[in-house]
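*Asks:* Sequence and predicted structure, then a few things I'm wondering about:
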Amino acid sequence: MDARAVFNDAALAAVQSEIVRLITALSYPQACELPETQVSDIVVAGREVQLTTFRQRLPSSSSGEILVVVQVARFGLGGIVSYQIERGLIFSPSAAPRDATEAELTGSRVQ
């Protein structure tokens with residue numbers, strides 16, 4: 001397995017680990033109280049990366065759903081190039097958290 005594949009696997013595992021932590025630790029009211037952006041530096045496969053959590057209300061939702069996105073980003077060439085992996089969760093006042101769809105993730109970037 002080449003170095004990029006090792007990093008990709010480790011980064012994906014870091015994101016999935018954070019999402020599992022969010023699912024088991026947060027209720028809907030707690031998800032609503034998350035900061036809009038929270039950044040921390042972590043080490044993944046021997047490289048320092050940024051673990052960022054984003055929170056926003058889904059504009060397409062009439063029920064107040066909250067989108068929480070977890071992203072691991074690695075920067076290179078002086079910050080010009082970046083590689084990122086992200087996954088999202090939708091928190092609803094009336095249902096258990098669920099995975100965000102690609103369309104929900106893509107729509108969140110435009111806000």
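*Replies:* Done, it's in.

*Asks:* Can you get me a residue count around the closest residue to residue 92 other than its chain neighbours?
*Replies:* Taking C-beta to C-beta, 6 or more residues apart in numbering as the measure, residue 92 lies nearest to residue 65, with 5.0 Å between them; neighbours along the chain are not counted. Where you see a C-beta, it was placed from the backbone N, CA and C, and this is true even at glycine. The local packing count at residue 65 equals 21, with neighbours defined by other C-beta atoms under 10 Å.

*Asks:* Isn't residue 65 up against residue 59?
*Replies:* No - taking C-beta atoms under 8 Å as the definition, residue 65 is not a contact partner of residue 59, at 9.9 Å.

*Asks:* one step back: and the residue nearest to residue 92, backbone torsions?
*Replies:* Listed backbone geometry of residue 65 is phi -60, psi 150, with angles given as degrees, to the nearest 10.

*Asks:* how near is it to residue 87?
*Replies:* 16 Å (C-beta to C-beta, to the nearest Å).

*Asks:* quick revisit: can you pull the contacts of the residue nearest to residue 92?
*Replies:* The contact partners of residue 65, by C-beta atoms under 8 Å, 6 or more residues apart in numbering, come to 57, 58, 90, 91, 92.

*Asks:* Neighbour-wise, which one of these leads?
*Replies:* When the contacts of residue 65 are compared by neighbour count (other C-beta under 10 Å), residue 91 ends up highest, at 25 neighbours.

*Asks:* Direction included, what does the host helix or strand of that one pair against?
*Replies:* Remark: residue 91 resides in strand 81-92, with elements defined by DSSP states H and E. On the basis of DSSP bridges, the sheet neighbours of strand 81-92 come out as strand 66-76 (antiparallel), strand 95-99 (antiparallel).

*Asks:* and among those, the most buried is which?
*Replies:* For the strands paired with strand 81-92, average neighbour numbers computed from mean count of other C-beta atoms under 10 Å are highest in strand 66-76, which has a mean of 19.

*Asks:* Need the mean per-residue confidence for it.
*Replies:* Per-residue confidence for strand 66-76 averages out to 85 on the pLDDT scale.

*Asks:* With stretch 14-22 instead?
*Replies:* In this model, stretch 14-22 has an average pLDDT of 75.
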